[in-house]
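Participant: okay, sequence plus prediction incoming.
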Amino acid sequence: MVISYSVSFVLVGYTCWLVTAYGMKQHNAATLMLFVLLAIGGTFLHCISEPFQLMFYVPMLYAWMCKSDGVKPFAYYAVLALLVALAFFIYPMSVFYILFAVGFRLFEEGNAFHLTLRSKQVVLNRRANA
């Protein structure tokens, strides 16, 4: 019983990594998950705690936010709500992780944030600067 309890964390992390790397094809988030798994390997006594589990779900949430092509809007928002609820119910303080991931995605898209500087509007958009 103890072995299955210890292995379950690794299996959850590996499953999240497989879904992110091969299902969503988001290699940046999958690489982050690998680094998290390597970092947690040094703290094996605490590997089953909620913040460490959350460190797999938030990159998967970010990868899902990046994958919006070819997905129907209803299915996209349903899975997004499911991932947010899963992360929140695992660890209630995850609201900060989730807000960071959503804010980073909006910043990355470039159409959510504008910076006004000396009455000139500077748009933070990669496509506009290129």
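Facilitator: On my side now, so go ahead. Please read these numbers as outputs of a predicted model, since none were measured by experiment. Residues are numbered from 1 along each chain as shown.

Participant: wait, doesn't residue 101 sit right on residue 60?
Facilitator: No - using CB atoms under 8 Å, residue 101 makes no contact with residue 60, being 9.9 Å away. To be clear about C-beta, it is placed using only N, CA and C from the backbone, and glycine gets the same treatment.

Participant: burial count for residue 91?
Facilitator: By other CB atoms under 10 Å, the residues close to residue 91 number 18.

Participant: ok, the one 5 residues further on next?
Facilitator: The number of residues packed around residue 96, counting by other CB under 10 Å, is 9.

Participant: equivalent analysis for residue 104, please.
Facilitator: Number of residues near residue 104 (other CB under 10 Å) recorded here: 12.

Participant: isn't residue 56 right next to residue 17, touching?
Facilitator: Yes - because the distance of 7.4 Å satisfies CB under 8 Å, residue 56 is recorded as touching residue 17.

Participant: mutual contacts of these two, please.
Facilitator: By CB atoms under 8 Å, 6 or more residues apart in numbering, residue 56 and residue 17 have these common neighbours: residue 33.

Participant: of these two, which one has the most company?
Facilitator: residue 56 (26 against 21).

Participant: where does this structure have low pLDDT?
Facilitator: 1-6, 41-48, 110-130 (pLDDT under 70).

Participant: now do the strands in this structure.
Facilitator: 114-117, 120-123 (DSSP state E).

Participant: residue 28 - how many residues pack around it?
Facilitator: Neighbour tally, residue 28, other CB under 10 Å: 11.

Participant: make that residue 36, sorry
Facilitator: Close neighbours of residue 36, defined as other CB under 10 Å, add up to 19.

Participant: how far away is it from residue 72?
Facilitator: According to CB to CB, to the nearest Å, residue 36 and residue 72 sit 31 Å apart.

Participant: repeat for residue 27
Facilitator: Taken as CB to CB, the span from residue 27 to residue 72 is 24 Å.

Participant: show me the helices in the protein, by range?
Facilitator: Using DSSP state H, the helices found in the chain span residues 2-18, 27-41, 50-66, 73-90, 94-109, 126-129.
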